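Engineer: Please find the sequence and the predicted model below.
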4 protein chains.
Amino acid sequence: MQRIAMLGSGFIGRFYADSIQGYRNKDKIVSIYSRREESVKKFAEDYKVGHATTNMEEAIAHPDVDIVCISLPNNLHEEAVMLCCKHKKAVMTTKPLGRNAAEAKRMVEAVEKAGIFNGYLEDLVYTPKFLKAYESVKNGALGRILWAKSRETHPGPHSDWFWDIEQAGGGCILDLGCHCVEITRTYIGKDIRPVEVMCWADTQVKPIDAEDHSIALIKYENGAIAQFEVSWTFRGGLDLRDEVMGTEGTIWSNNFLRTGLEMFTTGKGADYVSEKAESNTGWLFPVGDELNELGYNHMFMDMFNALEQGQQPKESFYDGYVVNAILDACYKSAKSKLWEPVQLDIWRGQEGVSKDSHLVEYDADHYLVKEEMTHYGLKKLILKNKQTGKIFEKEEK
Amino acid sequence: MQRIAMLGSGFIGRFYADSIQGYRNKDKIVSIYSRREESVKKFAEDYKVGHATTNMEEAIAHPDVDIVCISLPNNLHEEAVMLCCKHKKAVMTTKPLGRNAAEAKRMVEAVEKAGIFNGYLEDLVYTPKFLKAYESVKNGALGRILWAKSRETHPGPHSDWFWDIEQAGGGCILDLGCHCVEITRTYIGKDIRPVEVMCWADTQVKPIDAEDHSIALIKYENGAIAQFEVSWTFRGGLDLRDEVMGTEGTIWSNNFLRTGLEMFTTGKGADYVSEKAESNTGWLFPVGDELNELGYNHMFMDMFNALEQGQQPKESFYDGYVVNAILDACYKSAKSKLWEPVQLDIWRGQEGVSKDSHLVEYDADHYLVKEEMTHYGLKKLILKNKQTGKIFEKEEK
Amino acid sequence: MQRIAMLGSGFIGRFYADSIQGYRNKDKIVSIYSRREESVKKFAEDYKVGHATTNMEEAIAHPDVDIVCISLPNNLHEEAVMLCCKHKKAVMTTKPLGRNAAEAKRMVEAVEKAGIFNGYLEDLVYTPKFLKAYESVKNGALGRILWAKSRETHPGPHSDWFWDIEQAGGGCILDLGCHCVEITRTYIGKDIRPVEVMCWADTQVKPIDAEDHSIALIKYENGAIAQFEVSWTFRGGLDLRDEVMGTEGTIWSNNFLRTGLEMFTTGKGADYVSEKAESNTGWLFPVGDELNELGYNHMFMDMFNALEQGQQPKESFYDGYVVNAILDACYKSAKSKLWEPVQLDIWRGQEGVSKDSHLVEYDADHYLVKEEMTHYGLKKLILKNKQTGKIFEKEEK
Amino acid sequence: MQRIAMLGSGFIGRFYADSIQGYRNKDKIVSIYSRREESVKKFAEDYKVGHATTNMEEAIAHPDVDIVCISLPNNLHEEAVMLCCKHKKAVMTTKPLGRNAAEAKRMVEAVEKAGIFNGYLEDLVYTPKFLKAYESVKNGALGRILWAKSRETHPGPHSDWFWDIEQAGGGCILDLGCHCVEITRTYIGKDIRPVEVMCWADTQVKPIDAEDHSIALIKYENGAIAQFEVSWTFRGGLDLRDEVMGTEGTIWSNNFLRTGLEMFTTGKGADYVSEKAESNTGWLFPVGDELNELGYNHMFMDMFNALEQGQQPKESFYDGYVVNAILDACYKSAKSKLWEPVQLDIWRGQEGVSKDSHLVEYDADHYLVKEEMTHYGLKKLILKNKQTGKIFEKEEK
């Protein structure tokens, strides 16, 4: 059983609390901190939390607290983490870890120096679909991974602070790109170094200083390529799709808008459909159990199990730091219009991985270009002569 | 926290145990009973169960046990239920409740006389999709419900006893139809009386005495119609689809084969994909978290919450009895080739509900048959004169 | 090149004309007949038809006409067919052929006596998807066919005469069921005799005398079963889905609402989406080329090719007659509540087909019930002893 | 009626011939040229072509020929076009027009100087789905277009010459990217200038000199962004998907692998499924009528109709030239790793279009950032003060 101090009582804090306390879990929020008195009260009532305070340190230091859950705006993460270090409390932080890699690095160094458990709450690598898909990828069902793409777009966040570049630290790249970077990085392999980044970003629709649409490519040392598409301008709901492609297969994952539940209604009895849905008439695509589909349940399970077993969770602050470093390169690239190197002062994966070979041997003299079954029943081979380089067709039974 | 005695250590008992103990739940299996020594040992080890026995009554009577979970073949349900009554233990039973309504009725009467908590483990009305869909139906998003259909087909059950008509009590009607009947009955309204049934059943493929394919219609007192399609001969995996249609909308739910996760693999790294999948190469459709998608998690949550709050769970033995009564009528109809009445000695819903009217008033003199927008921008009405009965078209701006 | 006399200038006549003249076809409508002067004029202008008349016989008898296309309300088919016989003109008729089997039989006998080409315009067995699926079925990709289902539901027809039981001859059974019957009959085999029928029908929503919702089962001599679901009360567009299930596989076909084109729009620029769409905001599912997807193009191609090659088209009046005979049995069954025999005075398929066996030999002493791969890598067999009837499990490498 | 000379009898020439002659079309191939004697003979027999030759000029100059259809490897397009100019024959050419913009420009200038009809056979902007989607885009259903993406990936082309960089002129960028560029350019607006390009390309799998995987971004003068994803390394069939996103909506189009036809087969009766399918067991996704779904039918209809009406077809050589210019920039960028300008010596669209504004007025003092309905029924506004730049929330009824 874990006893949690929740820092922050907003949209995400409530989502977390619903996940932690909304099922048959043994875990319990025992302290709630929020900046606003009325908000902290309401949360304490709704979730039956014994200790409620507008003093952050008090919540963290509370003797009943086993682990602190940071659900605050991005600009307040570092301060909260430092207090957890001071009081030697296990800590987990909502995404992104910092507003940039410098902040993130300071947090990594602080928690490691303090020797405290640290978890990075990247829920989207904990969705049931991702977990299942990743298992297949690890088992080799897709062969060597060539490309991974993650897309998260919707009509924009719910709270005002997201839209303010000072508090948020950025726009949709930071808000949504952090998910996509970690999803694709996990598929490609966390021990493979992200090398350089090309990013396009623009403010196409919203009257804000930050970007509201961005696309980026991230090159990994082994030649694999990651891609993200993020936007706050999408119309139609919350579009959460991942794809990964390997030499032996592909996976398509639609996490929100097409999950097998489809409803048409003329609009009588209209009601809340799901997060960021834009309509409640016509064809609608609700999600069964949002908390579960968004990965919250399996994420907290991993965090608490790891803590109890004295292990690292799948996602730690170090992962958050790598993500921030990649996003920093994205912002730099969006401005410079150049491929920008990913600056990783701390790197714990493989070093000097070489690019995978693309030469498939057919026989001593030839490489295999392609093999296919013709519709008249013969096997057609396309081969390349190793010496002359000539490419030619050949049919076989 | 609930302490459970599990009766049965087979396929379904393990599924239940994974759901009850596989997350962060506070609930715990404290006793396991199975007929076979080696099976009971293995289960106790795998799930760290303190008390293991091949004596059913011993498991039930164990002082630590709060609630008994029956996961035995159909022919053993009654005996187990009677022992729970004797020892005044809360009980929940896998589906179907009995092999027929007579058995089910005896169980209902026994638990009610004993005054014990009784839950009917019909997981498919607890899937996240069903819960979400049903909420919309209750809110009126579909208007008046006209028709509900549930389909469950797959290549046949895993264990031998299912195929033996004596132990199972029937074939796919009893095994799968019980799910479909309760799903459709819930959409139409549990307080509406099922009146009569028409059922076709046949043994088309398997060398068994029971049916391996069946289709049935169930008429309700308010004029709504339910339908099931069940089979043990389907090729392609586990096909679990529901549909419901009302005057204002429709819902389509695909619970297993199309849930937004799609994988192609040439077959390297082949592995277990999901329950009753038939292939591990080509295009595959794994399910993220089977336990959750099949409703187990939300089902046990309802059971344990209800027990703790001194309430009835959503599904009680009485529901199991109604399902058995409908299935009895199905078997009778399959033989007699007639619409057979549903015999309900105990009925706790509404009495004498009349069929819903199908006359929609347009104005004092006319009924409205149809209204549609033409592609040239006019509203086209089809009206019926109340007196003459004449039907005619009319266009409006 | 074929020169066509079109009888009828309504919704369906225009659909047909768009198909015949809207592409690069060599065929041409040379005469148009309609009951109303203004309608006939408009059609002639729109489709550049040389000869326009309100006299049916004049259109049929016109010397330029190679083939007559009947697109009239059901109650006028017979009269038109008789005139084609009189003038020895090739004829093709929209579906259903007659209002009942008696009418249909008279038409079959008349055209055969007159020795004229006769085509039955059942477009839905000519959709590109059906043609492709059927090819696989014929090739044996699904093994022995066990069940075929066709569903057509929408919010009701466009023209007033459909709603009038006298002109139409029935409700949605006749209007939509005729499609479903021929689709499922083709999958099962046109030479297999439909034996008996069970049908439920009701008027649940519309203020009409005919049925607005019906479900039926049709049993074939070889033990296969067909099913239809038809309704004029569905909300959400035109739902056109077929399924077929065999011992070796299954096919799911969604012909209209989910064809791979998905659009979300807030509603600006709203416009005609597709036939029987019910909304033009939110998520919409337009169809690329309706004429093609609904089978019109491939249907007329078969008709004209057959005519030129002196062959029968895939669908002739005889098929229309069989369909009407099945629908007659449906109407009878809906009233009598009994399985009603299909009365076929003319039967041209196989006679005395016996029911397919369901006994699959495993070895001399056992039948095979089921074979599956366990997730721990063994093959699990469920076998039945031929003599004792006992069913048991066995594992093999 | 059009009489066609077909140059090339390979895979694509046969696809074209099937489209032109496989339905009820009045058009006819009257001459066939191919380099190989046996191939030309076979084609002439199969398609009943009167004139067959291994002399290209002879086919073009044949007096019966109205229009020449070039279906040759990329390196032979220019020669064929020049001969058409010499003989003043209308011409249409398969995609891409040239191997690079220089070749394409010479062809544009030649046909325009010769004053002959010229069509660019970009079939994928003629698929029924694209035509329907584009109509909605033009009508404004998506508002202002922000982003368009096209993806074409498959396991590699059928013929050897594609894999040879000299004959083909490039790899998957040229082979597949040409489709994607024209699809996205059409959605964004053909009169909007493509400004600059960022492209990543690599040879990840195949033993060839050309690229087998590439991703690119194309920036347009109005701020819209296009994207392509192309590969010859995809496993799972022919993946053809487009997306377009505007301020008011989105369109998703799946042209091949998910079109509403789904089949499971254990493999008995295995047969040709569809172009570039990789399996014939398990779950398969055949396409109804490939020729139609791939746009060939509507493409030739536009070509021939335009020719007869003395108009330009939707796709002319000039479009092919713009596509080649964009692809040239892609190749340059893939090497230089820089955003490369699109060099367009000939530009016929709008000049000096400025970037669309992203400021949406709420009232005199504020911009509107976002408006959404809360689930407790209030409208929540996020506004930005025009002067202070401050962003804040506000709720309204």
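Structural biologist: Received the coordinates, thanks.
Engineer: Kindly provide the distance from A:D242 to A:Y187.
Structural biologist: Going from A:D242 to A:Y187 by Cβ to Cβ, to the nearest Å gives 8 Å. Every residue, glycine included, has its C-beta placed from N, CA and C.
Engineer: Mutual contacts of the two, please.
Structural biologist: Shared contacts of A:D242 and A:Y187 (Cβ atoms under 8 Å, 6 or more residues apart in numbering or on different chains): A:A148.
Engineer: Return the residues in contact with the residue most central in space within chain A.
Structural biologist: Nearest to the centroid of the C-alpha atoms of chain A, with distances taken as Cα atoms, centre = their mean, sits A:H179, at 2.4 Å. By Cβ under 8 Å, 6+ apart, A:H179 lies in contact with A:95, A:122, A:124, A:150, A:152.
Engineer: so which of the residues you listed is the most crowded?
Structural biologist: A:S150 (29 neighbours; other Cβ atoms under 10 Å in any protein chain shown).
Engineer: wait, that one sits on A:T184?
Structural biologist: Yes - A:S150 is within contact range of A:T184, at 5.3 Å (criterion: Cβ atoms under 8 Å).
Engineer: which neighbours do the two share?
Structural biologist: Joint contacts of A:S150 and A:T184 (Cβ under 8 Å, 6+ apart) are A:226-228, A:242.
Engineer: So which of those reach chain D?
Structural biologist: Residues of the shared contacts of A:S150 and A:T184 in contact with chain D (Cβ under 8 Å from any Cβ of the partner chain): A:Q227.
Engineer: so of the shared contacts of A:S150 and A:T184, which ones are in strands?
Structural biologist: A:226-228, A:242 (DSSP state E).
Engineer: is it fair to say A:S253 lies in a helix?
Structural biologist: No - assessed with DSSP: H, G, I helix; E, B strand; the rest coil, A:S253 is strand; it does not lie in a helix.
Engineer: how close does it sit to chain B?
Structural biologist: According to Cβ to the nearest Cβ, to the nearest Å, A:S253 stands 5 Å off from chain B.
Engineer: Tell me what the closest residue to that residue other than its chain neighbours is bridged to.
Structural biologist: Once flanking residues are discounted, A:S253 sits nearest to A:D242: 4.5 Å by Cβ to Cβ, 6 or more residues apart in numbering or on different chains. Beta bridges link A:D242 to A:S150, A:S253, judged by DSSP bridges.
Engineer: max-length helix in chain A?
Structural biologist: In chain A, with assignment by DSSP state H, the single longest helix is helix A:317-336.
Engineer: after that one, next one along is what?
Structural biologist: Remark: after helix A:317-336, the chain's next helix or strand is strand A:340-341, criterion DSSP states H and E.
Engineer: and that next one, which strands flank it?
Structural biologist: Strand A:340-341 pairs in its sheet with strand A:194-202 (antiparallel), by DSSP bridges.
Engineer: how about the nearest residue to A:W163, chain neighbours excluded?
Structural biologist: Using Cβ to Cβ, 6+ apart and skipping the chain neighbours, the partner closest in space to A:W163 is D:I391 (4.6 Å).
Engineer: Likewise for A:L359?
Structural biologist: Computed as Cβ to Cβ, 6+ apart, the closest residue to A:L359 that is not its neighbour in sequence is D:P207, at 4.6 Å.
Engineer: What is the burial count for that neighbour?
Structural biologist: Neighbours of D:P207 (other Cβ under 10 Å): 22.
Engineer: In which helix or strand does it reside?
Structural biologist: Counting by DSSP H and E, D:P207 is found in no helix or strand.
Engineer: A:P341 against A:C330, yeah?
Structural biologist: No - at 12.0 Å, A:P341 does not count as touching A:C330 under the criterion of Cβ under 8 Å.
Engineer: any residues in contact with both of those two?
Structural biologist: A:V197.
Engineer: Looking at the two, which one has more neighbours?
Structural biologist: Each of A:P341 and A:C330 has its neighbours counted (other Cβ under 10 Å); A:C330 has more, 30 against 14.
Engineer: Now do the buried residues in stretch A:360-367.
Structural biologist: The neighbour-count check on stretch A:360-367 (16 or more other Cβ atoms under 10 Å in any protein chain shown) flags A:360, A:362, A:366-367 as buried.
Engineer: Any chance you could list what contacts it?
Structural biologist: By Cβ under 8 Å, 6+ apart, stretch A:360-367 touches A:359, A:368, A:381, A:383-387, D:205-207.
Engineer: one more time with 7 Å, if that's ok
Structural biologist: Outside stretch A:360-367, the residues within contact range by Cβ atoms under 7 Å, 6 or more residues apart in numbering or on different chains are A:359, A:368, A:383-386, D:207.
Engineer: Closest one of those residues to D:V81?
Structural biologist: A:K384 (30.6 Å; Cβ to Cβ).
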